[in-house]
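K.L.:
3D model of this:
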Amino acid sequence: MNGFDSSNDIKLEFQDNDGLAASNIELRDPERRVSDTDNRRRGLLASRRGILPVLGLYLGLRFALLLCNVLAAKITGARNWLTPFTAWDGHWYTQVAESWYGSTALSSVHLTYAAGGFEPGWPALIKLGTMTGLSLAASAFVMSLLVGGVTVFAIWRLSMELLPERPEMATAAVLAFPGAAVVFGIAYSEVLSIGCVAATLLLLINRRWVLAGIAATIATATSSLAVVLPLVCLIQAVLAIKERREYRSLWAPAIAPVGFLGFVGYLGYLAKDPIYWWKLQGQAWGAKIEPGYIFHWFRSFSGTGWGAYWMAASGLVVLAYLIVSSLRSDFPMSVKLYCASVAVMVLINPALGPKPRFLFWLFPAVLLLPRDLKPRLFNSVLIVMAWLLPMLLIAYTTIGNTVAQP
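P.N.:
Predicted coordinates:
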């Protein structure tokens, strides 16, 4: 025995006759072990307490947006405040929840708006809520409130991984981001799909491959924009195999696209046309791959075109910041790839565009605001975004067509 040090960790080293180390034995001081356990418990307790102000902010946001719905109902003369809440695509989601997809027979001339353009994940939850006796609109609101809380929790947990020094402020930045007005203020599917995206990224970081695939497939069954997740899962699986020969990671990309493929296959079966979904998206909503389309937004300079013009101009600036910020960050490859893929989708699909709702899909980059900006500037940006939230929701639910569709 050569001896031992006086630290809390006692190390015994044995040598053979030639002076070569034969084995090492580390004895952990029981007091140190207890101390480490206590530290982990305190860290867990602190993290649980950290979600309380986040959830409080979320409830405050929902209350403010509820007041906006009430005001919008007064302005438009709607029957009640649930009418603005189920406006725009919210109407389609409640319709799908009521009668599902029914007959999707193709029009002989031109496909128009139809229920087949809206994925089943969110309508299924609305239908579930009606089993308690709620109306479709009331169920949409209650489920949005509950699912939204889970989504905020998922974003907060992801922020703890990506920005552990300021997870609460990072999550607050996401909740104050103008796109939250549509996500939480109208019965849109993002209230579910964004939460599934956050869960997928978190599970990929923690190498929970099967669960990541399940979260991703729920997302792809809820919104077509989530189709970027299978690519993210695939690249992450390739890296895991290359670095650690972790072949179990292939479960994630194998499961991830099932939701989307199952839905389009189901519609194809009903319509007797395997590419019905793509035809519907292209002919009714103009969804297609068109690189450079974004510059068409700047061709109109009068009338209703001004709304689209300024939406594109400001949206492009915000999009540029978000994508550059995410790529320059120390985020894992999966998160960077996700943000870049969403940005590409937004820029090449005329049905999307840099609107607040779609910019919200880059929420991991929004988490970087408290790190990128000095405290005083960050607080100012947070206040400005918070003021824009109600203004945006009221505009969309009253004079939306003169601004641009949400």
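
K.L.:
Export stretch 175-192 to PDB, keeping only CA atoms.
P.N.:
Extracted C-alpha coordinates of stretch 175-192, given in PDB (Å, rounded to 0.1, in the frame of the first residue of the first chain):
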ATOM      1  CA  LEU A 175     -44.900  32.800 -23.700                       C
ATOM      2  CA  ALA A 176     -44.600  36.500 -24.500                       C
ATOM      3  CA  PHE A 177     -43.700  35.800 -28.200                       C
ATOM      4  CA  PRO A 178     -46.400  37.300 -30.400                       C
ATOM      5  CA  GLY A 179     -47.200  33.900 -32.000                       C
ATOM      6  CA  ALA A 180     -48.500  32.700 -28.700                       C
ATOM      7  CA  ALA A 181     -51.600  34.800 -29.300                       C
ATOM      8  CA  VAL A 182     -52.700  32.400 -32.000                       C
ATOM      9  CA  VAL A 183     -51.400  29.200 -30.300                       C
ATOM     10  CA  PHE A 184     -53.200  29.900 -27.000                       C
ATOM     11  CA  GLY A 185     -55.800  32.400 -28.100                       C
ATOM     12  CA  ILE A 186     -57.600  30.400 -30.900                       C
ATOM     13  CA  ALA A 187     -58.500  26.700 -31.000                       C
ATOM     14  CA  TYR A 188     -55.500  25.800 -33.100                       C
ATOM     15  CA  SER A 189     -53.600  22.500 -33.100                       C
ATOM     16  CA  GLU A 190     -50.300  24.100 -32.200                       C
ATOM     17  CA  VAL A 191     -51.400  24.000 -28.500                       C
ATOM     18  CA  LEU A 192     -50.800  20.200 -28.800                       C
END
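
K.L.:
Do you have the helices of the stretch 151-300 of the chain handy? List them.
P.N.:
Ranges of helices in the stretch 151-300 of the chain, per DSSP state H, counting those that start in this stretch, are 167-176, 180-185, 190-205, 209-220, 228-244, 251-255, 258-271, 276-284.

K.L.:
So for the first one, mean pLDDT?
P.N.:
Okay, so that is helix 167-176. Mean pLDDT, helix 167-176: 94.

K.L.:
swap in stretch 345-354?
P.N.:
Rounded mean pLDDT across stretch 345-354 is 83.

K.L.:
Which of the helices of the stretch 151-300 of the chain sits closest to residue 65?
P.N.:
helix 180-185 (3.9 Å; Cβ to Cβ). C-beta: built from backbone N, CA, C; applies to glycine.
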